[in-house]
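> Show me how the following folds:
(one chain, ligands or ions: 1)
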Amino acid sequence: MSETTVKPTPIIQMQGIHKSFGAVQALGDVNLKLYPGEVLGLVGDNSAGKSTLMKILTGAYHRDTGSVLVDGKATHFRNPHESRDSGIEMIYQDFALCGNMDVGQNIFLGRWPRRGPFVDRKTMYSEADKVLKRLKVDVNSVFQRVESLSGGRQQSVAIARAISFDPRVVILDEPTANLSVMATERLLETMLELKKHGVAQIIISHRLQDIFAVGDRVMVLKRGENVGDRFIAHTTEQEVLQIIVSGTPENALTAEQAVAEAA
Ligand SMILES: Nc1ncnc2c1ncn2[C@@H]1O[C@H](COP(=O)(O)OP(=O)(O)OP(=O)(O)O)[C@@H](O)[C@H]1O
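Below you'll find the model as predicted:
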């Protein structure tokens, strides 16, 4: 989405989010907006609060204060099942797959199609194959055991599983951290494919080049606070790096403010 289009209601709006773990304040007054079909990069140093913010969005963690709106409606997800019902899927760094099961079984884990008392294997594998083809991901066979696949292909299975829920928002936590160059390229293509299908995405990554390859906007957190937000088309990796290193909540600009200042 370009900054010049008239903006619809954000699909996700997090406002004034606070979260502490005992004496550690992980998030203090954090705001985040995500628009339909937008790809947002979420960056910041270690312990900036990125994963915590996303886990609050999915209901894996509970916020202390603040609000989360989906399609403009206030939500209080108690767990990731409830956020999934609202169309939000998170893909974790460790993929959360069962290595000793095959690709088809993993894609439909916990909800294998049934015919009477039996698993309807034919439907399960043909549906799994459809999801993989829709994503144009590169997994040879739905019958392969997941532990025999490369890291990149395991990740494709994790994404296919997420997509099979037909989400409107997909969150990817450090998706390229353990991938080869080729697998990273494939993942970025998959993200663009998802974008074509109108799926909004948040990608947490330390690799700015990946965010610049697929992102529309990048948001920077530092020590649990917003320190800046930029449209990818109006910034550079150097500028974002500088915000990561020396941004402060006091000099934080929104992406729109940054464009207005530069004009
Ligand atoms: N379950 C938890 N229990 C206690 N402290 C936690 C927990 N989860 C996160 N924290 C703390 O909250 C702060 C933010 O951590 P978080 O993992 O959200 O940062 P991050 O930006 O995702 O970092 P990284 O890039 O290193 O993964 C850190 O100080 C971390 O130690």
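> quick one: pLDDT of the residue nearest the centre of the chain?
Nearest residue to the geometric centre of the chain (Cα atoms, centre = their mean): residue 171, 1.4 Å. If you check residue 171, the pLDDT there is 96.
> residues making contact with the strand or helix carrying it?
Assigned by DSSP states H and E, residue 171 belongs to strand 169-173. Applying Cβ atoms under 8 Å, 6 or more residues apart in numbering, the contact partners of strand 169-173 are 11-12, 34, 50-51, 54, 57-58, 87-93, 159, 162-163, 191, 194, 199-204. Where C-beta positions appear, they are placed from N, C-alpha and C, glycine not excepted.
> Same list, these, but only the ones touching the ligand.
50, 51 (Cβ under 6 Å from any ligand atom).
> Show me which residues of the chain are close to the ligand?
Residues of the chain found near the ligand (Cβ under 6 Å from any ligand atom) are 21, 24, 26, 44, 46, 47, 48, 49, 50, 51, 52.
> Break down the stretch 151-263 of the chain into its strands, ranges please.
Assigned by DSSP state E, counting those that start in this stretch, the strands in the stretch 151-263 of the chain fall at 169-173, 200-204, 217-222, 225-231.
> can you list the ones you listed in TSV and add distance to residue 113?
Formatted as TSV, these follow (distance: least, Cβ to Cβ, whole Å):
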stretch	distance to residue 113
strand 169-173	23
strand 200-204	28
strand 217-222	38
strand 225-231	43
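> So for residue 155, which of the ones you listed sits nearest?
Among the strands of the stretch 151-263 of the chain, the nearest to residue 155 by Cβ to Cβ is strand 169-173 (9.1 Å).
> any low-confidence regions in this protein?
Where the chain drops to pLDDT under 70, the residues are 1-6, 138.
> Can you pull the domain assignment for it?
1-87+169-262, 98-166 (the TED database).
> what are the ranges of the helices in the stretch 51-200 of the chain?
80-85, 103-107, 121-135, 151-163, 181-196 (DSSP state H, counting those that start in this stretch).
> Now do the contacts for the residue nearest to residue 164 when sequence neighbours are not counted.
Here the nearest residue to residue 164 in space, its sequence neighbours aside, is residue 131; by Cβ to Cβ, 6 or more residues apart in numbering that works out to 4.9 Å. Contacts for residue 131 (Cβ under 8 Å, 6+ apart) come out as 107, 160, 163, 164.
> For the stretch 1-150 of the chain, which segments are assigned as strands?
Using DSSP E, counting those that start in this stretch, strands in the stretch 1-150 of the chain cover 12-21, 24-34, 39-43, 65-70, 73-75, 88-91, 114-115, 118-119.
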